[in-house]
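Novice: I need the structure of the sequence given here:
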Amino acid sequence: MKTRPKKFVGMDESICIRCRGTKLLCGKPRCPILVKYYTAVRNKPLIDKKFVYGYSPPSIFVGRYGYPKVSVGPMLPPLEGDTSYMDTPELWHDKSIDDIVDFRMKLIRGKHRIHIKNFDDKIAEYTQEIAMAYKPVEMEVEFEKKPAGRIALYDESQPHGPAAKIKKLWVGNAKVDRKIEKLYYDEVKAKEAILTLYENNVFVSNIQKAFSAGIFGIDKKFVPTRWSITAVDTIIGDELLKKVKSYPWINEYRIYYIKSLDNLWVVIMYPSSWEYELIEAWYPNTTWNPLGKKVVLFGDHEFFKGRTSYASIGGCYYAARMASAEHLGKQRRQAGVVVLREIHPGYIMPVGVWNVRENVRKALAGIPKKFDNLKDALLFASSLLFIPIKRWIESSDLLKNRFQQMRIEDYVKM
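Specialist: Alright, predicted model coming up:
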């Protein structure tokens, strides 16, 4: 029998002062402030210096503030050897949030402010070279000041540590991925380059990195990291769906599921022309529902013709959509897809959109439970979910549409 999450008290302005990380009044299993604090304390001796030598995973970051003049540069840890795991989210399935925060906090972000189309600049050239590398790149950076700032947390991109302006940068010989380098010199359109690399089994995270560094396109330019992640997911998803929409429907109802980082994912597939929906349920005291007293559900959807506006739920929508289209494309089938995501209080901080894409991928790589009708499929889904299935249906445009001729209560009694 599954254990239901306990009821959580609402947060107020004084809760952290009263708790001080010992009473866990926020309802989380551990204090996120202390997780970040102890990580910073452990890593401070490594990064509290103006000169940093190490091996970039390889990793870069392009900011978005001040666009079209933005901060670009490499991210590197003060570590030698194989650091590739630090910026390859496709390999993080067995990592905890604490693990991710710990090694990502070691990544120091070097900042160099330039126009997005200015490539006549040595640091810009180095940044592109690093983005094309397939192995860790040896480098040394002299910063204007010691790296400072809190750990950076985004819903789209992976967290990283302190930042500082670059004064000087030395980069060793980078082992460049020839598939990416060729597309740089061929000057093909960015979309064509992205799809070519994807078809050649290059990690999506590496494609996003190269796209952000302005490697692709006839009119090359740096693209803010947060924008590049969603752009690549969208471009790949759109292309996959062109074929998926021509395939025959699946002929049964399927349920896939996985739990990771205190997120529960349940994917429902049913016989239909392509339609898709992602609904997220944020528990109180999670990242995007810190002061709420109730679970908040929200999502977005599309029918066969797709959307005409950007999904309000953000990059997660396009990451799960790409993973769903990828799975159906491999099976040469078409279906309706509803992705349900429960975010429990153990998810104490966002770790990036990769969490959505890679976990939906992993769930869909498993063997699904199959059913002859939607009622039985939803009954099984209900046994996995903590939130009553009736509430999910009421929040879902697609599932409600499946029941439009009858009342929900006629099918689901829970």
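Novice: Let me know the distance separating the residue nearest the centre of the chain from residue 228.
Specialist: The geometric centre of the chain, computed from its C-alpha atoms, lies nearest to residue 353 (Cα atoms, centre = their mean), at 1.2 Å. Distance check for residue 353 against residue 228: by Cβ to Cβ, to the nearest Å, it reads 11 Å. C-beta coordinates here come from the backbone N, C-alpha and C atoms, glycine included.
Novice: what's the following helix or strand after the helix or strand residue 362 falls within?
Specialist: Assignment of secondary structure by DSSP states H and E places residue 362 within helix 354-364. Once the chain leaves helix 354-364, the next helix or strand it forms, by DSSP H and E, is strand 369-371.
Novice: tell me which residues in that next one are buried?
Specialist: Using 16 or more other Cβ atoms under 10 Å as the burial criterion, the residues of strand 369-371 that qualify are residue 371.
Novice: Check which residues of the helix or strand following it are buried.
Specialist: Remark: after strand 369-371, the chain's next helix or strand is helix 374-384, criterion DSSP H and E. The neighbour-count criterion (16+ other Cβ under 10 Å) identifies 374, 377, 378, 379, 380, 381, 382, 384 as the buried residues of helix 374-384.
Novice: ditto for stretch 109-124
Specialist: By neighbour count with 16+ other Cβ under 10 Å, stretch 109-124 contains the buried residues 109, 110, 111, 112, 113, 114, 116, 119, 123, 124.
Novice: Determine which two of those residues are furthest apart.
Specialist: Greatest spatial distance in the buried residues of stretch 109-124: 109 and 119, 20.0 Å, computed using Cβ to Cβ.
Novice: how far away is the residue nearest to residue 63 when sequence neighbours are not counted from residue 163?
Specialist: What sits nearest to residue 63 in space, not counting adjacent residues and going by Cβ to Cβ, 6 or more residues apart in numbering, is residue 71, at 4.1 Å. Distance of residue 71 to residue 163, given as Cβ to Cβ: 8 Å.
Novice: still on that earlier bit, ramachandran coordinates for the residue nearest to the centre of the chain?
Specialist: Main-chain torsions, residue 353, degrees, to the nearest 10: phi -60, psi -20.
Novice: For the residue lying closest to residue 200 once chain neighbours are set aside, identify the helix or strand it belongs to.
Specialist: Spatially, and ignoring its direct neighbours in sequence, residue 200 is nearest to residue 179 (5.7 Å; Cβ to Cβ, 6+ apart). Residue 179 belongs to helix 178-186 when elements are defined using DSSP H and E.
Novice: any residues touching that helix, and which ones?
Specialist: Counting by Cβ atoms under 8 Å, 6 or more residues apart in numbering, the neighbours of helix 178-186 from elsewhere in the structure are 128, 132, 193, 196, 197, 200, 202, 206, 210, 215, 216.
Novice: now could you export just the CA positions of it as CSV?
Specialist: The C-alpha coordinates for helix 178-186 follow below in CSV (Å, rounded to 0.1, in the frame of the first residue of the first chain):
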residue,chain,number,x,y,z
ARG,A,178,33.9,16.3,-36.2
LYS,A,179,30.2,15.9,-36.9
ILE,A,180,29.6,19.3,-35.2
GLU,A,181,32.6,20.9,-36.7
LYS,A,182,31.6,19.9,-40.2
LEU,A,183,28.2,21.6,-39.8
TYR,A,184,30.0,24.7,-38.5
TYR,A,185,32.0,25.1,-41.7
ASP,A,186,29.2,23.9,-44.0
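Novice: Averaged pLDDT, that helix. What do you get?
Specialist: Taken as a whole, helix 178-186 carries a mean pLDDT of 94.
Novice: Tell me the first helix or strand C-terminal of it.
Specialist: Proceeding C-terminally, helix 178-186 gives way to helix 190-199 as the next helix or strand, assigned by DSSP H and E.
Novice: helices and strands around that next one, which ones?
Specialist: Taking 3 or more Cβ pairs under 8 Å, 6 or more residues apart in numbering; DSSP states H and E as the contact definition, the neighbouring helices and strands of helix 190-199 are helix 178-186, helix 204-212, helix 225-244.
Novice: can you redo the ones you listed as CSV with distance to residue 280 and mean neighbour count?
Specialist: Shown next, in CSV, are the helices and strands packed on helix 190-199 (distance: least, Cβ to Cβ, whole Å; neighbours: other Cβ atoms under 10 Å):
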stretch, distance to residue 280, mean neighbour count
helix 178-186, 33, 16
helix 204-212, 21, 25
helix 225-244, 16, 21
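Novice: how about those helices in JSON lines, adding distance to residue 51?
Specialist: Rendered in JSON lines, the data for the helices and strands packed on helix 190-199 read as follows (distance: least, Cβ to Cβ, whole Å):
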{"stretch": "helix 178-186", "distance to residue 51": "30"}
{"stretch": "helix 204-212", "distance to residue 51": "25"}
{"stretch": "helix 225-244", "distance to residue 51": "25"}
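Novice: Residue 253: which of the ones you listed is closest?
Specialist: Closest of the helices and strands packed on helix 190-199 to residue 253 is helix 225-244, at 18.0 Å (criterion: Cβ to Cβ).
Novice: Show residues contacting that closest one.
Specialist: Outside helix 225-244, the residues within contact range by Cβ under 8 Å, 6+ apart are 60-64, 154, 156-157, 191, 194-195, 198, 204, 207-209, 211-212, 223, 274, 306, 314-315, 318-319, 321-322, 325-326, 328-329, 333-334, 352-353, 357.
Novice: Could you pick out the buried ones from the residues you listed?
Specialist: Applying 16+ other Cβ under 10 Å to the contacts of helix 225-244, the neighbour count classes 60-63, 154, 156-157, 191, 194-195, 198, 204, 207-209, 211-212, 223, 274, 314-315, 318-319, 321-322, 325-326, 328-329, 333-334, 352-353, 357 as buried.
Novice: Now do the SS call for the closest residue in space to residue 136 that isn't next to it in sequence.
Specialist: What sits nearest to residue 136 in space, not counting adjacent residues and going by Cβ to Cβ, 6+ apart, is residue 55, at 3.9 Å. Remark: residue 55 carries the secondary structure label strand [criterion: DSSP: H, G, I helix; E, B strand; the rest coil].
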